[in-house]
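Engineer: This is a predicted model, with the sequence first.
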Amino acid sequence: MEIVGAETPGLEPIAVSDASGFETMFRAQYARIARVIAGVIRDPARAEELTVEVFLKFWKSTAARGERAEGWLRKAAVRKAIDELRRRERRARYEGLFHFGKRTPTPEELRGVTEGQERVRAVLAAIDKRQAELLLLRNQGLSYSELASALDLNPVSIGTLLARGQRTFRKEYIRRYGKD
C-alpha cells in the first residue's frame with residue numbers, strides 16, 4: 001500500500017493502492033491542481049479538463065505515488081499548462097498563416113486577459129521547459145525545498161537555477177517586446 005498526502009500539513013496520509021484511495025486523493029487535490037493550471041492558462045474550464053488529464057496520468061503511473069505525490073501532481077500540472085500555452089501559440093501561428101479561425105473575443109475573454117499577462121505567457125512558452133516550470137512553481141509560493149522535491153533537483157542549486165531562469169525570461173521578454 002502506497003501512502004500519499006503527507007506533504008500537506010493537516011492532510012492525513014492517503015493510501016493510493018486502490019480506487020477509493022485514489023478518489024480520496026483526487027478530492028483532496030483537485031481544486032489545488034485546477035487552480036495551478038488556471039493560473040497559467042487563464043481558462044478555468046480548460047483548466048478543469050487538463051486537471052482530469054493530470055489525474056488520469058497520476059492513476060496510470062505507479063512511480064507518481066508515494067511521499068512525493070503532491071509534488072508530482074504540481075509538477076505535472078505546470079507541465080500540462082505549459083504544453084497548453086505552446087499548443088495555443090502553435091495554433092495561433094498556423095491560423096495566422098491561413099487567415100481562418102478568426103473569431104470575435106467574448107467580453108469575458110477581453111476582461112480576463114491583459115496585454116502584460118499574454119506577453120508573460122508567450123515568453124514562458126518560448127523558454128526552456130524546466131526553467132518555465134521552476135519560475136511558475138516558485139510563483140505559486142513553493143519554497144526552495146519544495147521546488148527541489150517537485151522537480152527532483154538538488155536543493156542547493158535552486159537559487160542558481162532560479163536566477164538563470166529569471167535571466168533567460170528577462171532576455172526573451174526584451175528580445176520580443178523591448179524594454180518597457
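Structural biologist: Okay, I see it. Residues are numbered from 1 along each chain as shown.
Engineer: Show the contacting residues for the most centrally placed residue in the chain.
Structural biologist: Computing the C-alpha centroid of the chain and ranking residues by Cα atoms, centre = their mean puts Val78 first, at 1.5 Å. Counting by Cβ atoms under 8 Å, 6 or more residues apart in numbering, Val78 touches Val36, Ile37, Val40, Ala132, Glu133, Leu136, Leu137. Every residue, glycine included, has its C-beta placed from N, CA and C.
Engineer: Secondary structure class of it, three-state.
Structural biologist: Here Val78 is recorded as helix under DSSP: H, G, I helix; E, B strand; the rest coil.
Engineer: Is Gly159 in contact with Ser143, as I believe?
Structural biologist: No: contact between Gly159 and Ser143 fails when scored by Cβ atoms under 8 Å: they sit 11.6 Å apart.
Engineer: and Lys179, how many neighbours does it have?
Structural biologist: 5 (other Cβ atoms under 10 Å).
Engineer: Show me this structure divided up by domain.
Structural biologist: According to automatic domain parsing, the chain comprises the domains 1-105, 114-180.
Engineer: List the contacts of Trp59.
Structural biologist: With Cβ under 8 Å, 6+ apart, Trp59 has these contacts: Phe22.
Engineer: confidence score at it?
Structural biologist: Listed pLDDT for Trp59 reads 87.
Engineer: Next one: it from Ser145, what distance?
Structural biologist: 27 Å (Cβ to Cβ, to the nearest Å).
Engineer: got a pLDDT number for Gly96?
Structural biologist: 70.
Engineer: What's the local residue count around it?
Structural biologist: 11.
Engineer: Contacts only, for it.
Structural biologist: Gly96 neighbours (Cβ under 8 Å, 6+ apart): none.
Engineer: Give the buried residues for whichever strand or helix holds it.
Structural biologist: Applying DSSP states H and E as the criterion places Gly96 in helix 69-98. Within helix 69-98, the residues scored as buried using 16 or more other Cβ atoms under 10 Å are 69-82, 84-86, 88.
Engineer: Strands along this structure, start to end?
Structural biologist: 3-4, 14-15 (DSSP state E).
Engineer: quick check: mean pLDDT across stretch 34-46?
Structural biologist: Stretch 34-46 comes out at a mean pLDDT of 93.
Engineer: who's in contact with Val54?
Structural biologist: Per Cβ under 8 Å, 6+ apart, neighbours of Val54: Ile33, Ile37, Leu73, Ala76, Ala77, Lys80.
Engineer: so the last one touches Ala38, yeah?
Structural biologist: No: proximity of Lys80 to Ala38 does not meet the contact threshold set by Cβ under 8 Å, at 11.5 Å.
Engineer: residue ranges with poor pLDDT in this structure?
Structural biologist: 1-18, 98-103, 108-113, 180 (pLDDT under 70).
Engineer: could you pull out the helices for it?
Structural biologist: For the chain, the helices defined by DSSP state H cover 19-41, 44-60, 69-98, 107-112, 115-126, 129-139, 144-151, 158-177.
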